[in-house]
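> coords please:
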Amino acid sequence: MADLCKKHPLPAGITFGYGTSGFRTVATNLDGPVFRVGITAALRARQTKQNTGIMITASHNPHQDNGVKIIDGNGEMLATSWEKHATALANAQTWEDLEKEVQRICTEEKIEDTDATKGFKVLIARDTRPSGVGLLTAAADGATSIGQKSQDLGIMTTPEAHFVVQRSNFADAPPVEEIIPTYVSTMCDAFKALVFGTAEPKSLGITCVIDCANGVGTKRMPQLEAELKDVLSFQTINTNIDNPQILNDLCGADFVQKELKPPANVTAANEASPQHHTLTFDGDADRIIYFTFDKEGNCKLLDGDKMLTLFCVLIKKQLEILNLPDLTIGAVQTAYANGGSTHYISNTLKVPVSLVPTGVKHLHHKAHDYDIGAYFEANGHGTVIFSQQFKEKVSAANCDTEEKKIAQQRLLWAAKVLHPTAGDAIADALMIEACLALLQWDIKAWLAVYDDLPSRQLKVQVPDPKKVKTLWDETRVTEPAALQEKIDALVKGYGASARAFVRPSGTEPVVRVYAEATTRAEADKLADEVKAAIVEVLQ
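This next block holds a predicted model:
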């Protein structure tokens, strides 16, 4: 450990904290932390007696950044209880400090240091960023430093890495090299079964125009096209992964969602056909946004809220046909979800909605409370989780009519299309195309399911954002009480559909404002008034 620790020193003056995205910053500052993540992942493998994973990516960030996060043996994000260990190791400066932290973690977590526990591997993947080559070596060195084996998975998407890690821990799992090709084929086979049942697959007459953000999703397109050549057509754009400087540049899901603009190389003129479905991945292909254009050529988004609604419509319909009241279904959102979607899901579909704090880990954990837990952030990151009870009860359902048999099979195949442990742009795209085909909706019909309420987001610089305390779901301020009183009074003046909330940023010295109202002008005005209230109370 001593020699390898010296090979991977920490940058001076930086304190690292492990969060939903793991560690993410400028790539030149990551070698030391990634080495230490290799140690954390190795210890986690020993404790769980499973292979663990490491994904090296900065997702939608610019090319000069990179990041690293740990994948637990079940294919999900690193357990929250272990984030403190990852943080402690990442800030251990010397090898003596590292050794002490390793011993502490082994004692606290009752980790056995045996030949058997050392037999589990740390599986390491990266996206297309050139900095990932050296960082992968650093992660492998970290595992090696405490005697754990690692394996280079090569370049893959983030959800693919989650898939491979999970499958590698199945009973009688084949070698990892045999698991990798099944990532795309598994969801494609399930997609065809979901849409066509036992009938022969045929063309849906749809061309999916996919913006790959010049990122790693590009590498999975050839297999996707080959697997579905008789069903869907694909046109891929922004696929240059040889020039790292254009990764996520004027393209990708994050750009489209935040800027309300189409990505580079897509215009309303060349994508006006209703048979063309335009969609965009982010840099590591775990987020997706669909978009279209109105008559004036303006970009209209079908974001995570719209996807959540679409999935709930199809799944709820099949559940009602099967009549399985014992199965629970729920939708999970954050306070940033558009009120139009929340109202439609809860009041029209009669699906209960839970609100959780910002961060995909909170949505994912809450989704486990249901037999069918659907979650999405507005940014297009989400999936649906199906419980073991769901699989058992649906498989054993009394299907005494053809309609019930079809509903049963659709639910079971939907569970195989969607990624079981992480947001997945490719899987979500296939589920969206399946929903549209089965519901016989076009993009306009999907867009019109509910009207988004106009919203406005602002940042307010204040001396100490931490003075603002909120409820767990971030919808109301608990301290200072005077601030929430002012927000309530302001919202009251804009009608029943209006709402506003504020929360302290976890990354900047600001308080974030979200306001929603029936018109754009009212949303803008409400946000400005809430901003003024923050300044008055805090400054």
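> mind checking which helix or strand residue 12 is in?
Under the criterion of DSSP states H and E, residue 12 resides outside all helices and strands.
> what about it, distance to residue 36?
When C-beta to C-beta, to the nearest Å is applied, the distance between residue 12 and residue 36 equals 16 Å. For every residue, glycine as well, the C-beta is placed using N, CA and C.
> Give me the more crowded residue out of those two.
Set side by side, residue 12 and residue 36 show unequal neighbour counts under other C-beta atoms under 10 Å, the larger going to residue 36 at 28 against 7.
> The more buried one reaches residue 97, doesn't it?
No: Residue 36 is not in contact with residue 97 according to C-beta atoms under 8 Å; the separation is 10.2 Å.
> lowest-pLDDT helix or strand in this structure?
Sorting the helices and strands of the chain by mean pLDDT, DSSP states H and E puts helix 2-7 at the bottom, at a mean of 90.
> could you list every residue that touches the closest residue to residue 343 other than its chain neighbours?
Nearest in space to residue 343, with sequence neighbours left out and distances taken as C-beta to C-beta, 6 or more residues apart in numbering, is residue 450 at 7.2 Å. Taking C-beta atoms under 8 Å, 6 or more residues apart in numbering as the definition of contact, the neighbours of residue 450 are 309, 340-341, 343-344, 348.
> How confident was the prediction at residue 450?
On the pLDDT scale, residue 450 is placed at 96.
> and it, how far is that from residue 429?
Computed with C-beta to C-beta, the distance linking residue 450 and residue 429 is 21 Å.
> separation between the nearest residue to residue 17 once chain neighbours are set aside and residue 358?
If the residues on either side of it in the chain are set aside, residue 17 comes closest to residue 87, at 5.4 Å by C-beta to C-beta, 6+ apart. For residue 87, the distance to residue 358 under the criterion C-beta to C-beta works out to 19 Å.
> now the nearest residue to residue 228 once chain neighbours are set aside: how far from residue 197?
The shortest distance from residue 228 to any residue other than its chain neighbours is 5.7 Å, reached at residue 188 (C-beta to C-beta, 6+ apart). Going from residue 188 to residue 197 by C-beta to C-beta gives 16 Å.
> Three-state assignment for residue 458, please.
Assigned by DSSP: H, G, I helix; E, B strand; the rest coil, the conformation of residue 458 is strand.
> Please identify the helix or strand for the closest residue in space to it that isn't next to it in sequence.
Spatially, and ignoring its direct neighbours in sequence, residue 458 is nearest to residue 513 (4.2 Å; C-beta to C-beta, 6+ apart). Using DSSP H and E, the element containing residue 513 is strand 510-516.
> Tell me which residues of that strand come out buried.
By 16 or more other C-beta atoms under 10 Å, the buried positions in strand 510-516 come out as 511-516.
> what's the closest of those to residue 30?
When the buried residues of strand 510-516 are compared for distance to residue 30 (C-beta to C-beta), residue 512 comes out closest, at 26.6 Å.
> my guess is the closest one meets residue 461, correct?
No: here residue 512 lies out of contact with residue 461, judged by C-beta under 8 Å, at a distance of 11.1 Å.
> hmm, back to that, listing partners with orientation, what would you give for the strand holding residue 513?
As defined by DSSP bridges, the strand partners of strand 510-516 come to strand 455-461 (antiparallel), strand 499-504 (antiparallel).
> Which one of the buried residues of strand 510-516 is nearest to residue 539?
Proximity of the buried residues of strand 510-516 to residue 539 was ranked by C-beta to C-beta; the top entry is residue 511 with 10.7 Å.
> in the sheet, who's paired with that closest one?
When bridges are taken as DSSP bridges, the partners of residue 511 come out as residue 460, residue 504.
> likewise residue 374?
Residue 374 forms beta bridges with residue 331, residue 384, as assigned by DSSP bridges.
> if we can go back for a sec, quick one: which helix or strand includes the residue nearest to residue 343?
Taking DSSP H and E as the criterion, residue 450 maps to no regular element, lying outside all helices and strands.
> Please report how far it lies from residue 294.
With distances defined as C-beta to C-beta, the gap from residue 450 to residue 294 amounts to 17 Å.
> surely residue 491 meets residue 501?
No: with contact defined as C-beta under 8 Å, residue 491 does not count as touching residue 501 (9.4 Å).
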